[in-house]
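J.: Have a look at this fold, sequence not included:
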């Protein structure tokens, strides 16, 4: 049996940009309570992937 793995960086962001052309030049975050993916610009601005700390 053959198994393959393909890693496509920022796949979710690019898929949304293909679906919604108005996102082409905007910062993009995918997720809700946790950031699952984000655009390079969002990451440069300090957004980190993963669970986000909440003020309680």
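T.: Sure thing, it's come through. Since the structure is predicted, the reported quantities are computational estimates derived from the model, not experimental observations.
J.: So which other helices or strands are in contact with the longest strand along the chain?
T.: Scanning the chain for the longest strand, with DSSP state E as the assignment, gives strand 34-38. On a contact count with 3 or more C-beta pairs under 8 Å, 6 or more residues apart in numbering; DSSP states H and E, strand 34-38 meets helix 11-19, strand 29-31, strand 50-51. The way it works is simple: take the backbone N, C-alpha and C, and place the C-beta from them, glycine included.
J.: Quick one: distance of that strand to the chain centre.
T.: 5 Å (C-alpha atoms, centre = their mean, to the nearest Å).
J.: contacts for the helix or strand just after that strand?
T.: Next in sequence after strand 34-38, counting helices and strands by DSSP states H and E, comes helix 40-44. Helix 40-44 is contacted from outside by 10, 27, 28, 29, 49, using C-beta atoms under 8 Å, 6 or more residues apart in numbering.
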